[in-house]
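[1] got a structure for you, letters missing:
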């Protein structure tokens, strides 16, 4: 399939194995991936604003999505790793698999041109996009936090303004978001109370989602 | 030049003027810009590692570079802004000009395809790349910090390990970098002392460069 097989083997080679490793291809592939994802989303969601498009793109190209794509196409079995990386873990790290997916896209670009690389990204991302909870990714952090807490039958967040400062031309707010059921409190800052609240809600969401990732029995991955 | 002139006028329209504004095109163009910059750098610097390539790319696509590109091609004179934005400042903001450059690239992609958009980015970025201090962008933060301090005839940074923890398989270091002449101290963390030192140096560099931007008499922009 590759007219330049050296590119393919370089894309699969981790730096632990050889100096001819895949990191430059990964640099290239990362940006081709991002660009192709943007084109896909721009056309698939003709009425969506750029904020929501960006949130969905971030979700599609993040490490754990790419690693699961790599495992789905069985990339692990063909990766070329040094003995250190092979011995150090029972399974190959997400970061190595995700980087190899990007490097592979970079290799397709060099071997066959942008259109081919883009179509390859479309093919890899479409199944992920189909499983992506577009609605909740498009929602603002306060709404997502409220829905997450309701789904777990927990009390609603309480927002309190801690600091209201700055000047009238450039006000500054610091707001705290408290979730008593989880004993979590996080603050956010911004030029308006609304922005500071959203930031605080986002910080709380990150804590809750990290906990959910750490505990695989909590299925909040899709929130 | 545009076969779809509506795309061109949309690319030039700020959200303050109309609902048919350029933000979705900017979403698209931003990623085409990044991808084209990556392709340019990958080919122009065949021996450069991906860390240096990334630093140069970040420099090329940052707001002030894009705004100066936009002003160079006289984009300001054709931007379509609401009266609020027109009245509020003596000159159009950098962010508005930079966003319009990205939107324009997005419009070229839709109108003429990726290769045309990429060539357009190459043409815009080559003069900026020619003026970019590749060598100092390619250097690591500790080296850049040392050179900056020497150029200002100031004392060298002092690094101190604050915390040495973690496990032997996964050590954790926290290192502080102190610049006594400026009364600045910043810390960095990492799995090795070297990484933590580089992080701390980077944090100090950001403070110093922010101060230099705030005081235009200090010419450290090119460091």
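    Noted; the coordinates are in hand. These numbers were taken from a predicted model, which means no experiment stands behind them. Residues are numbered from 1 along each chain as shown, chains lettered A, B, ... in the order given.
[2] neighbours around the closest residue to residue A:139 other than its chain neighbours, how many?
    By the measure of CB to CB, 6 or more residues apart in numbering or on different chains, the closest residue to residue A:139 outside its immediate chain neighbours is residue A:147, 7.6 Å from it. For every residue, glycine as well, the C-beta is placed using N, CA and C. Look at residue A:147: counted by other CB atoms under 10 Å in any protein chain shown, it has 14 neighbours.
[3] Please apply the same query to the one 4 residues further on.
    Applying the criterion other CB under 10 Å, we find 11 residues in the vicinity of residue A:151.
[4] For it, give me the pLDDT.
    For residue A:151, the model assigns a pLDDT of 86.
[5] Secondary structure element holding the residue lying closest to residue A:193 once chain neighbours are set aside?
    Closest residue to residue A:193 apart from its sequence neighbours, by CB to CB, 6+ apart: residue A:173 at 4.9 Å. Taking DSSP states H and E as the definition, residue A:173 sits inside strand A:171-179.
[6] Relative to the whole chain's centre, how far out is that strand?
    Distance, stretch centre to chain centre, for strand A:171-179: 26 Å (CA atoms, centre = their mean, to the nearest Å).
[7] List the neighbouring strands of the helix or strand that it is followed by plus their orientation.
    With elements assigned by DSSP H and E, the helix or strand that comes after strand A:171-179 is strand A:184-190. Strand A:184-190 has the following strand partners under DSSP bridges: strand A:171-179 (antiparallel).
[8] Any buried residues in the partner strand, and which?
    A:173, A:174, A:175, A:176, A:177, A:178, A:179 (16 or more other CB atoms under 10 Å in any protein chain shown).
[9] May I see these organised as JSON lines, with pLDDT and distance to residue B:106 added?
    Output for those, formatted as JSON lines (pLDDT from 0 to 100; distance: CB to CB, whole Å):
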{"residue": "A:173", "pLDDT": "92", "distance to residue B:106": "34"}
{"residue": "A:174", "pLDDT": "94", "distance to residue B:106": "36"}
{"residue": "A:175", "pLDDT": "95", "distance to residue B:106": "35"}
{"residue": "A:176", "pLDDT": "96", "distance to residue B:106": "39"}
{"residue": "A:177", "pLDDT": "96", "distance to residue B:106": "36"}
{"residue": "A:178", "pLDDT": "95", "distance to residue B:106": "41"}
{"residue": "A:179", "pLDDT": "93", "distance to residue B:106": "40"}
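[10] okay, now the nearest residue to residue A:114 once chain neighbours are set aside: neighbour count?
    Among residues not flanking residue A:114 along the chain, residue B:114 sits closest, at 4.8 Å (CB to CB, 6+ apart). By other CB under 10 Å, 20 other residues sit near residue B:114.
[11] same thing with the one 3 residues further on?
    A total of 26 residues lie near residue B:117 under the criterion other CB under 10 Å.
[12] Help me confirm that it comes into contact with residue B:37.
    No: Residue B:117 lies out of contact with residue B:37 (CB atoms under 8 Å); the separation is 11.9 Å.
[13] Backbone dihedrals for the residue nearest the centre of chain A, please?
    In chain A, the residue lying closest to the centroid (CA atoms, centre = their mean) is residue A:62, at 2.8 Å. Per-residue torsions, residue A:62: phi -80, psi 160 (degrees, to the nearest 10).
[14] Report pLDDT for it.
    Residue A:62 is given a pLDDT of 92.
[15] how close does it get to residue A:153?
    Between residue A:62 and residue A:153 the computed distance is 29 Å (CB to CB, to the nearest Å).
[16] Repeat that for residue A:175.
    For residue A:175, the distance to residue A:153 (CB to CB) stands at 25 Å.
[17] Stretch A:113-123: which residues count as buried?
    Those would be A:114, A:117, A:118, A:120, A:121, A:122, for stretch A:113-123 by 16+ other CB under 10 Å.
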